[in-house]
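**Q** Predicted model follows, preceded by the sequence.
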There are 2 protein chains.
Amino acid sequence: MTQLHVAEPADYPVLLLFGHVDGNTPAGVSHSLESIKGCPNPDQPIPCAMTSNTSVRLARRPVGLPVADDFRIDTSEVPTPGPGQVLVRVTLISLDPAMRGWLDDRPSYLPPIGLDEVIRAGGVGEVVASSDPRFPVGSMVQGNTGVQEYAVLDASGLTRVDPALGTASMYLGVLGMTGMTAYFGLFEHGRPRAGDTVLVSAAAGAVGSIAGQLARINGCRVVGVAGGPDKCTYVTDGLGFDAAVDYKVDSLRAAISNACPNGIDVYFDNVGGAVLNAALANLSMHARIVICGAISQYNAEQATPGPSNYMALLVRRATMTGFLVFDHAAEFRTARRRLAQWVADGQLTAPETLVPGSVADFHSVFLRLFTGDNVGKLILDISA
Amino acid sequence: MTQLHVAEPADYPVLLLFGHVDGNTPAGVSHSLESIKGCPNPDQPIPCAMTSNTSVRLARRPVGLPVADDFRIDTSEVPTPGPGQVLVRVTLISLDPAMRGWLDDRPSYLPPIGLDEVIRAGGVGEVVASSDPRFPVGSMVQGNTGVQEYAVLDASGLTRVDPALGTASMYLGVLGMTGMTAYFGLFEHGRPRAGDTVLVSAAAGAVGSIAGQLARINGCRVVGVAGGPDKCTYVTDGLGFDAAVDYKVDSLRAAISNACPNGIDVYFDNVGGAVLNAALANLSMHARIVICGAISQYNAEQATPGPSNYMALLVRRATMTGFLVFDHAAEFRTARRRLAQWVADGQLTAPETLVPGSVADFHSVFLRLFTGDNVGKLILDISA
């Protein structure tokens, strides 16, 4: 039995939580947390049985598409929150293409995930110990949980899941970083005007599906690029895009030209590579290209060639802008309210693919991002 | 003897000019125009002997670096100006990297030069027939003359050379499209702030030499990229850049990093290719890349690879913008006055390489742009 004691900041109630590390849990095995879920009243600081924490850690840096041995399943004690922190039992884990970049040892907008560190990921979970009254025990929060069952997180980095706005999974999707990325990428950097033609790649994906619908709500003509006829049908019939282009066709450049007869005013790019080149070949004057991601290149083992058509920027007096959603944090609350309202109004569909499993399933579920197997937001659901 | 008659618009004085086509002039030979230069009073509409017009035309589309046989020297009658037009005896011809692009049969910001058409070029010359009182006979004008001895030009497209502001050659360089390109590319699209680090490629070239000096005048730290130690010395000692980087070094990326320890806030790119990639690897946050040209790629016979580092735009929340100087025509007059003042004040040096010759020398002089043989504005001087 290990006593977890949350220190008492001046103005906070004393919250104590007792748990134990289950010495019988074999390493590498995840399990549901019945003992926690069985707590009679999660809003009260009560002693409560607690099990071990299983996490997924970086065993070595992947070369190309990650393989199972690049990751290590670890079981350790449930961590102890300090002052200003909360302990969260993770229920949903966000799987995002950007995570692939964090596995590489190269400078980027965040430091690489260190060897043996828990895989960085957004997540949603239930507060099981707290020293911050904004996040009482039992409340649901969204934060940078990582791929693990329990996370100690700074309260300052958490967002409370407000059931009036949406479900827990929506706080990883349309109301979370995914929705924020679509919202700020499109509106702040794409600057679409009603009547503009907006092209979105990975249009059936988490960010693309939302970005395209926001452009539609904004009065734009929206064309999605997706892989295969089923996804293309979903993009038009399910998400209400005006047209869809299958990137697996022979002449992508011509297909985009046909779908965008007046040229592209805004290109919201999630994929890079051949689609970016084909979009560059179809820009209208003063077009804005928003670089949100480049999923076609994240697993490349050699330097990728870059957009050979980039001089189209000059010919079309166009702009290519990279952005990161974190820079817009001051406006997240406003964006979240608007996105929730559009969902409530039925104007915005937020597709999700929830895969039930344990953290040990991380690798196989993560790969779905790169094989085109999922639609919308991909989430590993470890709540069971 | 051919009579050239300029029709008489309602409010214009009647201007008549008589000339003759010199049947003895062999094709492919240029000559000075003593008969014109001998006119007793160029401000008067007088009959005046006139010779033939030698021009350089596109014989076939170049593959890679243009060869002499891609061009054809043509001799024809001096053309006749119509209403609203003037006839200009060309004295100086601007040679610009962009001209290489116009020789290719691909869509761009201007239509390709057609086969057998006169090579498109800016030029300066003397008005020898005019129906527009703003451009009287004898005045010097700058316009799109093409590579030929005489050009009929719409008065609406002409700029009068004002000796109070600068010389005729300056109207092709610092006071012409070259200076305008540097001015608007840097100020409008680079948006430099005092204290910013500004990197300029082709820093000893026509546009780069001015763009970098404007950044210096703007209070920036300016680093130039140029080819070889002599040009680098010129960039720092002659043009007052804070530092210069020789792009022929082994590790350009590291060299730029050393010269820009705080990263690049504005990159004014004239060359593309490896220099653009190295700059992308050294961006500071919210950097602005201005795509002015890509001279390293204009003679490429295959598709060029594009900037493989372009995802640095996302990491650094940076922007890559293409622009064309023509879009800023409404502000040319203001820019020209400022540039002339900086030259007059001794703050701005406008290097020029004037090569005396005839239009038949076009090909060999044009190639100097691609062999790195010139400094500053390259001009073919056919005034003699």
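**A** Structure's in. What do you need?

**Q** Looks like A:E149 contacts A:L380 (just checking).
**A** No: applying C-beta atoms under 8 Å, one finds A:E149 not in contact with A:L380, separated by 11.5 Å. No exception for glycine: its C-beta is placed from N, CA and C like everyone else's.

**Q** where does chain A have low pLDDT?
**A** A:1-50 (pLDDT under 70).

**Q** Quickly list what's touching both of A:E149 and A:L380.
**A** Contact criterion C-beta atoms under 8 Å, 6 or more residues apart in numbering or on different chains; residues bridging A:E149 and A:L380 by contacting each: A:V359.

**Q** which SS state does A:R89 fall under?
**A** The three-state label for A:R89, taken from DSSP: H, G, I helix; E, B strand; the rest coil, comes out as strand.

**Q** What are the boundaries of the helices in the stretch 251-384 of chain A?
**A** A:252-259, A:273-280, A:312-315, A:332-344, A:362-366, A:368-371 (DSSP state H, counting those that start in this stretch).

**Q** Which one of those lies nearest to B:V290?
**A** helix A:312-315 (9.7 Å; C-beta to C-beta).

**Q** can you give me how far the closest one is from the chain middle?
**A** 32 Å (C-alpha atoms, centre = their mean, to the nearest Å).

**Q** show me what contacts A:G64?
**A** The contact partners of A:G64, by C-beta under 8 Å, 6+ apart, come to A:299-301.

**Q** can I get these in a markdown table with neighbour count and distance to B:G219?
**A** Converted to a markdown table, the contacts of A:G64 look like this (neighbours: other C-beta atoms under 10 Å in any protein chain shown; distance: C-beta to C-beta, whole Å):
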| residue | neighbour count | distance to B:G219 |
| --- | --- | --- |
| A:N299 | 15 | 44 |
| A:A300 | 14 | 41 |
| A:E301 | 9 | 45 |
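
**Q** What parts of the stretch 251-384 of chain A come near chain B?
**A** A:272, A:277, A:291-294, A:297, A:303-324, A:327 (C-beta under 8 Å from any C-beta of the partner chain).

**Q** Return the subset of the residues you listed lying in strands.
**A** Of the positions in those, A:291, A:319-322 sit in strands, assigned by DSSP state E.

**Q** Identify, from the residues you listed, the entry nearest to chain B.
**A** Ranked by distance to chain B (C-beta to the nearest C-beta), these are led by A:G322 at 3.2 Å.

**Q** does that closest one really touch B:R316, like I thought?
**A** Yes: if you go by C-beta under 8 Å, A:G322 and B:R316 touch, sitting 6.9 Å apart.

**Q** Comparing these two, which residue is more hemmed in?
**A** A:G322 (27 against 22; other C-beta atoms under 10 Å in any protein chain shown).

**Q** mind listing what that one touches?
**A** A:G322 sits next to A:291, B:311-319 when contact means C-beta under 8 Å, 6+ apart.

**Q** Just the buried residues of those residues.
**A** Buried by 16 or more other C-beta atoms under 10 Å in any protein chain shown: A:291, B:311-319, out of the contacts of A:G322.

**Q** for those, which one is nearest B:Q85?
**A** Among the buried ones among the contacts of A:G322, B:T319 lies closest to B:Q85 (C-beta to C-beta), at 41.6 Å.

**Q** Quick check: that closest one touching B:L313?
**A** Yes: between B:T319 and B:L313 there is a contact under C-beta under 8 Å: 7.0 Å.

**Q** Against chain B, how distant is A:A384?
**A** Separation of A:A384 from chain B (C-beta to the nearest C-beta, to the nearest Å): 36 Å.

**Q** need the contact list for A:V88.
**A** Counted by C-beta under 8 Å, 6+ apart, A:V88 has contacts A:123, A:125-128, A:141, A:143, A:145, A:150-153.

**Q** In CSV: these, plus neighbour count.
**A** Converted to CSV, the contacts of A:V88 look like this (neighbours: other C-beta atoms under 10 Å in any protein chain shown):
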residue, neighbour count
A:G123, 27
A:G125, 29
A:E126, 21
A:V127, 26
A:V128, 23
A:V141, 25
A:G143, 23
A:T145, 27
A:Y150, 27
A:A151, 26
A:V152, 18
A:L153, 24
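
**Q** Now, those that are in strands?
**A** A:123, A:125-128, A:141, A:143, A:150-153.

**Q** Which one of the contacts of A:G322 is nearest to B:Y247?
**A** Among those, B:A312 lies closest to B:Y247 (C-beta to C-beta), at 18.5 Å.

**Q** Isn't that closest one up against B:L283?
**A** Yes: using C-beta under 8 Å, B:A312 is in contact with B:L283, at 5.6 Å.

**Q** which neighbours do these two share?
**A** B:A318.

**Q** chain center to stretch A:102-112, what's the gap?
**A** Using C-alpha atoms, centre = their mean, the mean C-alpha position of stretch A:102-112 is found 17 Å from that of the whole chain.

**Q** What number of residues are in the vicinity of A:A344?
**A** For A:A344, the count of nearby residues is 12 (other C-beta under 10 Å).

**Q** Buried residues in stretch A:202-215, which are they?
**A** So for stretch A:202-215, counting by 16+ other C-beta under 10 Å, buried means A:202-215.

**Q** try stretch A:159-171
**A** Applying 16+ other C-beta under 10 Å to stretch A:159-171 flags A:159, A:161, A:165-171 as buried.
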